[in-house]
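1. Let's see this in three dimensions:
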Amino acid sequence: MLHYEYKTQGTCSQLITLDIDGGVVHNVVFYGGCSGNLKAISILVEGMKAEEVAEKLSGVRCGMRSTSCAHQLTKAVLAAAEEEKRAAQN
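-> Residues are numbered from 1 along each chain as shown. Presented below is the predicted three-dimensional model:
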């Protein structure tokens, strides 16, 4: 299992941490942002494949912003999946 930290850009949350195991997302935690909504997202994506999270949440916007915490999560899970693949190759 790989633990991953992702610094968000353009959102109220500042950091997302998660674990990924075989491309499956676990233990998502947002630091900052709308606590209730982000806790709900974390619960909903638990056990999902990174690609499925990205498929469902990519492109979600927050108000007039070009991104959202959900969209930043897609970037985080895909980056974590790539890092996990690289680590497995070494």
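2. Geometric centre of the protein: which residue is closest?
-> L73 (2.7 Å; CA atoms, centre = their mean).
3. need the contact list for that residue.
-> Neighbouring residues of L73 by CB atoms under 8 Å, 6 or more residues apart in numbering: I16, V28, F30, I41, V45, V53, L57. C-beta here means a position set from N, CA and C on the backbone, and glycine is covered the same way.
4. mind redoing it with 7 Å?
-> Contacts for L73 (CB atoms under 7 Å, 6 or more residues apart in numbering) come out as I16, V28, I41, V53, L57.
5. Which of these fall in strands?
-> I16, V28 (DSSP state E).
6. quick one: which of the contacts of L73 has the most company?
-> For the contacts of L73, neighbours were counted using other CB atoms under 10 Å, and I16 has the most, 26 neighbours in all.
7. my read: that residue touches H71, true?
-> No - counting by CB atoms under 7 Å, I16 does not reach H71; the two are 11.2 Å apart.
8. any low-confidence regions in the protein?
-> The chain contains no residues with pLDDT under 70.
9. All the helices of it, residue numbers only.
-> 35-45, 50-57, 69-89 (DSSP state H).
10. List just the one of these that sits closest to I20.
-> helix 69-89 (4.4 Å; CB to CB).
11. Check the offset of that closest one from the chain's centre.
-> In terms of CA atoms, centre = their mean, to the nearest Å, the centre of helix 69-89 is set 8 Å apart from its chain centre.
12. Check which residues of stretch 34-43 are buried.
-> L38, I41, S42 (16 or more other CB atoms under 10 Å).
13. which one among those gets closest to H3?
-> S42 (14.9 Å).
14. For stretch 1-10, which residues meet the burial criterion?
-> L2, Y4, Y6, T8.
15. Repeat that for stretch 61-81.
-> 62, 67-78, 80-81.
16. Mind exporting the C-alpha coordinates of it to CSV?
-> Extracted in CSV, the C-alpha atoms of stretch 61-81 (Å, rounded to 0.1, in the frame of the first residue of the first chain):
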residue,chain,number,x,y,z
ARG,A,61,-16.2,22.9,-10.7
CYS,A,62,-16.8,25.0,-7.6
GLY,A,63,-18.7,28.1,-8.4
MET,A,64,-16.7,30.2,-10.9
ARG,A,65,-13.5,28.3,-10.3
SER,A,66,-12.1,26.1,-13.0
THR,A,67,-11.6,23.3,-10.4
SER,A,68,-13.0,21.9,-7.2
CYS,A,69,-11.9,19.7,-4.3
ALA,A,70,-13.5,16.8,-6.1
HIS,A,71,-11.6,17.6,-9.3
GLN,A,72,-8.3,17.9,-7.3
LEU,A,73,-9.0,14.5,-5.9
THR,A,74,-9.1,13.1,-9.4
LYS,A,75,-5.6,14.5,-10.0
ALA,A,76,-4.4,13.1,-6.6
VAL,A,77,-5.7,9.6,-7.2
LEU,A,78,-4.3,9.4,-10.8
ALA,A,79,-0.9,10.7,-9.6
ALA,A,80,-0.9,8.2,-6.8
ALA,A,81,-1.8,5.4,-9.2
